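> return a 3D structure for these sequence lines:
(chains A and B)
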Protein chains: 2
Amino acid sequence: MAAYGGIDLGGTKIQTAVLDQDHSVLGSARRPTPTSGGPADVAREIEAAMRDAAKAAELKTGDLAGVGVGSPGVIEAGNVTSARNLPGWEGSFPLAKTLEKSFGCEVQVGNDVQVATDAEFKLGAGRLYQSLLGVFWGTGVGGGLILDGKPWTGRGGAGEIGHVVVELDGARCTCGRIGCMEAYAGRKAMEEHVSEQVEKGRKTDLFKLMKERDRTRLTSGIWARALEHGDKLATHTIERAVRALGAGIASVVNVLDVEGVIIGGGLGVRLGHPYAERIAEAMQPHLFNDAQPPHVHVAALGDLGGAIGASLLLRQES
Amino acid sequence: MAAYGGIDLGGTKIQTAVLDQDHSVLGSARRPTPTSGGPADVAREIEAAMRDAAKAAELKTGDLAGVGVGSPGVIEAGNVTSARNLPGWEGSFPLAKTLEKSFGCEVQVGNDVQVATDAEFKLGAGRLYQSLLGVFWGTGVGGGLILDGKPWTGRGGAGEIGHVVVELDGARCTCGRIGCMEAYAGRKAMEEHVSEQVEKGRKTDLFKLMKERDRTRLTSGIWARALEHGDKLATHTIERAVRALGAGIASVVNVLDVEGVIIGGGLGVRLGHPYAERIAEAMQPHLFNDAQPPHVHVAALGDLGGAIGASLLLRQES
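The predicted model follows:
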């Protein structure tokens, strides 16, 4: 029986998985994404993480029928250009070719958010729908679209839901623009917001939790913990994010009238159903067709969705 | 040679046209939309306006191969329900059947904004593109989508670009919601804004021009005249509208990455190219992929676009 590899290349972690033909996970692994060096260093960690997953599945990478990679940046014929959140990756790097040499099998590279949306559409929470908006709430906020049963990528740059404007004279986004949804809801922007508030004298346990857990960033797990503790600044910051997500997602639904909205990403999956419901509630006052809101679900494939979606790149016929 | 009728049923006016097979206009007419009564009264004015156009084309409605209507409201099998901006039209009215009886030919009813977008796609400023956003800037702000060469209507309610949120705690929209693009850019909302400013003591010639031209509303022509005169409040209000349009349209482009944006509607067509350029400039700071902005054009079919688009409903194969 053929096995496939899937790699989700994120700004924080590299998640890999090996799947059989029926999309059952035979093994998986995770490594932190290098924070220094360049594309070749990142590629080496990708290779190691894929070998870990193959080993867990009692296979070698050469046994795989192929490996798919979901990557940030601009992707063209296996080359990845200007992948933000990855170290030293401003230029172009032949990722597919590099990994093929190392793995001894075919490698396909696709857009990280789009492959995760495809996975939810084909195997996850979006299986019942023919039109779908995937919202990946993590370091940034990415979006993927399925329209009429097919991925919609526009001229190659579609899905940037994080940069929908929700406040004309609002907060500065990590992208440099003003008032983007991500300026309120992206984990990176939220961490900056909390730091500013702390400088102004507000109290929070977020950074204490970060040190206790030996982290250098406010991870999704730390946010979840702080919310459970009733940390006021964390609660306020997440509510601010939910409000922005509600307005931004409702805006897109007003224009596209999709059947379903899938909330994924590190924060989306970690905070889960209660927060997906809060986002749906925050959408409601902005929905023009409020009698027929779209169905809102948490990504059913969880943290592995990106890697599973990447493995589907090898099986476009399925 | 077969001739077709097209009707654009708007909140302010009913525009009709008769076209030959090659989409050349043989005759056209315009009547104000009734402001009181109910659907039957509106239907009578539609019939009269269509007869005027047929007469101008030296034809009778019974000679037509068919008539298309672009209508607001929810459209299902020729019935129109809850058409806002039309008097007493909360319920359902069998518009196609009523007009067929009167005209003696087949009648098809479609969504007003979508047929105008289709017309620009097939015959107007969008002919070069396979993906297109139509923005109809008038009393409200409507939107139509062409994706992959086909209209995208979602579950039937897509295209509500006027209700994309551009300011979370912003102005109240005529729809009752907060911060919609239409709350800044719709002609109705702009008129309310100007009235409030006048009550606060600001000066403007807008209402003087309205009285001189014997109007009861600030029409697109009055806005254009006031802008030419350098009226400060008019200029400020239009700039505020352009800024909201820029942010809202850019948000949609960030998600869909369409090739072209067509600016139509009463104000869009009347203010024309210089203001389409200003909207493009206002989009630029919010475009995520700012190196590859979409092409922005004024609707090439002008005021007749809606009626021409409606006539295409009879010729879906063309």
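> I figured A:Val135 was touching A:Leu145, is that so?
No. Taking contacts as CB atoms under 8 Å, A:Val135 lies outside contact range of A:Leu145: 10.5 Å. In this view, the C-beta of every residue, glycine as well, is placed from N, C-alpha and C.
> how does chain A divide into domains?
Domain segmentation of chain A under automatic domain parsing yields A:3-111+A:305-312, A:125-300.
> of all these, which one comes closest to chain B?
Nearest to chain B, of all the domains of chain A, is domain A:125-300, at 2.5 Å by CB to the nearest CB.
> may I see the buried residues of the least confident helix or strand in chain A by mean pLDDT?
The weakest-scoring helix or strand in chain A, judged by mean pLDDT, DSSP states H and E, is strand A:74-76 (a mean of 89). Residues of strand A:74-76 classed as buried by neighbour count (16 or more other CB atoms under 10 Å in any protein chain shown): A:Ile75.
> parallel or antiparallel, list what pairs with that strand.
Strand A:74-76 has these partner strands in its sheet, going by DSSP bridges: strand A:79-81 (antiparallel).
> what comes into contact with the next helix or strand after the strand it pairs with?
Note on strand A:79-81: by DSSP states H and E, the next helix or strand toward the C-terminus is strand A:92-93. Outside strand A:92-93, the residues that touch it by CB atoms under 8 Å, 6 or more residues apart in numbering or on different chains are A:Pro39, A:Ala40, A:Ala43, A:Asn79, A:Val80, A:Thr81.
> number of residues surrounding the third one?
In terms of burial, A:Ala43 registers 19 neighbours under the definition other CB atoms under 10 Å in any protein chain shown.
> which residues does it contact?
Contacts of A:Ala43 by CB under 8 Å, 6+ apart are A:Phe93, A:Leu95, A:Thr98, A:Leu99, A:Ser102.
> among the residues you listed, which are in helices?
With DSSP state H as the criterion, helices contain A:Leu95, A:Thr98, A:Leu99, A:Ser102 from among these.
> can I get the contacts of A:Ala43 in TSV including pLDDT and neighbour count?
TSV is the format used below for those (pLDDT from 0 to 100; neighbours: other CB atoms under 10 Å in any protein chain shown):
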residue	pLDDT	neighbour count
A:Phe93	97	22
A:Leu95	98	25
A:Thr98	98	18
A:Leu99	98	25
A:Ser102	97	19
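> tell me which two in those residues are the farthest apart.
Greatest spatial distance among the contacts of A:Ala43 (CB to CB): A:Phe93 and A:Ser102, at 13.8 Å.
> before we move on, back to that, contact partners of the least confident helix or strand of chain A?
With contact meaning CB under 8 Å, 6+ apart, strand A:74-76 is reached by A:Val80, A:Thr81, A:Ser82, A:Val109, A:Gly110, A:Asn111, A:Gly156.
> tabulate the contacts of A:Ala43 (TSV), appending distance to B:Ala185.
Output for the contacts of A:Ala43, formatted as TSV (distance: CB to CB, whole Å):
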residue	distance to B:Ala185
A:Phe93	43
A:Leu95	44
A:Thr98	49
A:Leu99	49
A:Ser102	54
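> wait, which of those residues is closest to B:Lys55?
Checking the contacts of A:Ala43 against B:Lys55 with CB to CB, the nearest one is A:Leu95 at 67.8 Å.
> which residue, other than its chain neighbours, is closest to that closest one?
Of all residues not flanking A:Leu95 in the chain, A:Val80 sits nearest, at 4.8 Å (CB to CB, 6 or more residues apart in numbering or on different chains).
> residues near that neighbour, how many?
Neighbourhood size, A:Val80 [other CB under 10 Å]: 25.
> same question for A:Ala171.
Look at A:Ala171: counted by other CB under 10 Å, it has 17 neighbours.
> check A:Ala56 too.
16.
> ok, it - contacts?
Applying CB under 8 Å, 6+ apart, the residues near A:Ala56 are A:Val18, A:Leu26, A:Gly27, A:Ser28, A:Ala29.
> do the same with A:Val269
Contacts of A:Val269 (CB under 8 Å, 6+ apart): A:Ser220, A:Val298, A:Ala299, A:Gly302, A:Asp303.
> from these, which would you call buried?
A:Ser220, A:Val298, A:Ala299, A:Asp303.
> my guess is the first one contacts A:Leu271, does it?
Yes. Look at A:Ser220 against A:Leu271 with CB under 8 Å: they come within range, at 7.4 Å.
> could you work out the end-to-end span of stretch A:75-86 for me?
Stretch A:75-86 has its terminal residues 14 Å apart, counting by CA to CA, to the nearest Å.
> buried residues in that stretch?
A:Ile75, A:Gly78, A:Asn79, A:Val80, A:Ala83, A:Asn85, A:Leu86.
> will you turn those residues into TSV that also has distance to B:Glu281?
Shown next, in TSV, are those (distance: CB to CB, whole Å):
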residue	distance to B:Glu281
A:Ile75	30
A:Gly78	37
A:Asn79	33
A:Val80	32
A:Ala83	30
A:Asn85	30
A:Leu86	33
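> what's the most distant pair in the residues you listed?
Farthest pair in those, by CB to CB: A:Gly78 and A:Asn85, 19.8 Å.
> low pLDDT regions in chain A?
Counting by pLDDT under 70, chain A has low-confidence residues at A:316-318.
> longest helix anywhere in it?
Chain A, longest helix under DSSP H: helix A:232-256.
> in it, which residues are buried?
Neighbour-count burial for helix A:232-256, counted by 16+ other CB under 10 Å, picks out A:233-234, A:237-238, A:240-256.
> could I have the CA atoms of the helix or strand just after that helix written out in PDB?
Downstream of helix A:232-256, the next assigned helix or strand under DSSP H and E is strand A:260-264. Extracted C-alpha coordinates of strand A:260-264, given in PDB (Å, rounded to 0.1, in the frame of the first residue of the first chain):
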ATOM      1  CA  GLY A 260     -19.200  27.200   5.600                       C
ATOM      2  CA  VAL A 261     -16.400  28.900   7.500                       C
ATOM      3  CA  ILE A 262     -13.600  26.800   9.100                       C
ATOM      4  CA  ILE A 263     -11.600  28.300  11.900                       C
ATOM      5  CA  GLY A 264      -8.100  26.700  12.000                       C
END
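> got a list of contacts for strand A:260-264?
So strand A:260-264 is in contact with A:116-117, A:120, A:124-126, A:128-129, A:131-137, A:249, A:253, A:275-276, A:279-280, A:294-299, A:305, going by CB under 8 Å, 6+ apart.
> apply 7 Å and report the result again.
If you take CB atoms under 7 Å, 6 or more residues apart in numbering or on different chains as the criterion, strand A:260-264 is touched by A:116, A:120, A:125-126, A:129, A:132-137, A:249, A:276, A:279, A:294-299, A:305.
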